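Visitor: the following comprises the amino acid sequence and a computationally predicted model.
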Amino acid sequence: MSWTDERVELLKKMWGEGQSASQIAKELGGVTRNAVIGKVHRLGLSNRATTTTANSASKTEAKAKAAPKAPPKAAKSDPEPKVEMETKPAIVATTPARRQIIPAGQPLPPQPSANEISPEALARVNEVEKKAKKISLLELTERTCKWPVGDPATEDFWFCGLPTQSGKPYCEAHVGVAFQPMSTRRDRRR
């Protein structure tokens, strides 16, 4: 199945009218709901506002059909003006905020990291790095801290070199930064 200009226009029209992806897929034929959703995202149509005005309009029509106050011809031929004359204010449905979809090739906006280091741990690491042995890659052993410091492409790059914590590749301060309890990481993501 290919997305012809006609099919894309019909998709845009139906999406703008508030039709669901399933309804659009059924109308287009030969596509799945997921294909419609994918095309909507690629076209940048995904941020439609959802309101209950469509729902209240359909409810008003249902009430009019159930207990018609006007002749049936007027109710069928002109349901929209009755919705507009309704004195109740339109209620906007509260939906959770959606993540912004960024087109391919665009830079991502800065995101809060789940791996942020606490100020206390950072201060401890800075103090330890002042006392570090500042060794090269060739000087590393099983008993030296392998925490890298600086840019490996420069001559100022070095490894901590302090004694490691038992069973770990780093010294005590760097273990505190590198290995965090699961609950702490989960809490930071929230």
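Guide: Received, thanks. Numbers count the residues shown, from 1 in each chain.
Visitor: what ranges do the strands span in this protein?
Guide: Ranges of strands in the chain, per DSSP state E, are 148-149, 158-159.
Visitor: which of those strands sits most buried?
Guide: Across these, averaging neighbours per residue (mean count of other Cβ atoms under 10 Å) puts strand 158-159 on top, at a mean of 20. C-beta here means a position set from N, CA and C on the backbone, and glycine is covered the same way.
Visitor: quick one: contacts of it?
Guide: Strand 158-159 is contacted from outside by 132, 134-137, 139-140, 144-150, using Cβ atoms under 8 Å, 6 or more residues apart in numbering.
Visitor: give me the contacts around stretch 5-23.
Guide: With contact meaning Cβ under 8 Å, 6+ apart, stretch 5-23 is reached by 3, 24, 27-28, 33-34, 36-37, 39-40, 43, 45, 48, 50, 54.
Visitor: picking that back up, in the contacts of strand 158-159, find the pair that's most separated.
Guide: Distance extremes for these: the farthest pair is T144 and G150 at 16.6 Å, using Cβ to Cβ.
Visitor: more neighbours: which of those two?
Guide: Neighbours per residue (other Cβ atoms under 10 Å) separate T144 from G150, with T144 holding more: 19 against 12.
Visitor: spit out the contact partners of the nearest residue to the more buried one once chain neighbours are set aside.
Guide: Once flanking residues are discounted, T144 sits nearest to G161: 4.9 Å by Cβ to Cβ, 6 or more residues apart in numbering. The contact partners of G161, by Cβ under 8 Å, 6+ apart, come to 132-135, 139-140, 144-145.
Visitor: ChimeraX command for the buried members of those residues?
Guide: The buried subset of those, as determined by 16 or more other Cβ atoms under 10 Å, is captured in ChimeraX by this line:
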select :132,135,144,145
